[in-house]
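J.: Task: produce atomic coordinates for the following.
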Amino acid sequence: MPYQVIEPLVDPASSAALGVGLQSLTPIYLTTDQAFENLKTLLLTHKGERYNQPTFGTRLLYVLFEPNMESLKQTIDDAIKTPVSYWLPYITIENIDIVTADENPDLYYNIQVTISFSVAQYSTQTITLGVTDTGVLEVG
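T.: Modelled structure (predicted):
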């Protein structure tokens, strides 16, 4: 289950720590790092895959391997935005950039989806999904 974003205690420009290391009391991970992982988990989880949470996840992995038709970009956009707004309301999708191999022949992937998002009042991050012609999905 995704975690709630915790407000920073001192400086609103920095991210809040969600845990500390035992040796040096340094943050284990920050709110923005956890939000990135939560988004990645949501995008890569098939709907119905989680026990007792059948609506958690997306249809993105099915949609990415659909034929490249005119409606594909809108279908990918919907497959991302709807579950994110429901399951991760603290994440704001800033932009979804979808590039296919037809549009850019030099693209390594058959389709590349780049999602720019922000977490509450924190900085904007990006996550990129790429699908190769061999059916490999790479996330970065």
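J.: residues near the residue nearest to W87 when sequence neighbours are not counted, how many?
T.: Spatial nearest neighbour of W87, excluding adjacent residues (Cβ to Cβ, 6 or more residues apart in numbering): L42 at 5.7 Å. Every residue, glycine included, has its C-beta placed from N, CA and C. Residues contacting L42 under the criterion other Cβ atoms under 10 Å number 20.
J.: Check the one 5 residues further on too.
T.: In terms of burial, K47 registers 17 neighbours under the definition other Cβ under 10 Å.
J.: show me the contacts for the closest residue to it other than its chain neighbours.
T.: Of all residues beyond its chain neighbours, the one nearest K47 is G57 (4.4 Å), with distances taken as Cβ to Cβ, 6+ apart. By Cβ atoms under 8 Å, 6 or more residues apart in numbering, the residues touching G57 are 42, 45-50, 83.
J.: just D133 next, same as before
T.: When the contact criterion is Cβ under 8 Å, 6+ apart, the partners of D133 are N110.
J.: secondary structure class for it?
T.: Of the three states, D133 takes coil under DSSP: H, G, I helix; E, B strand; the rest coil.
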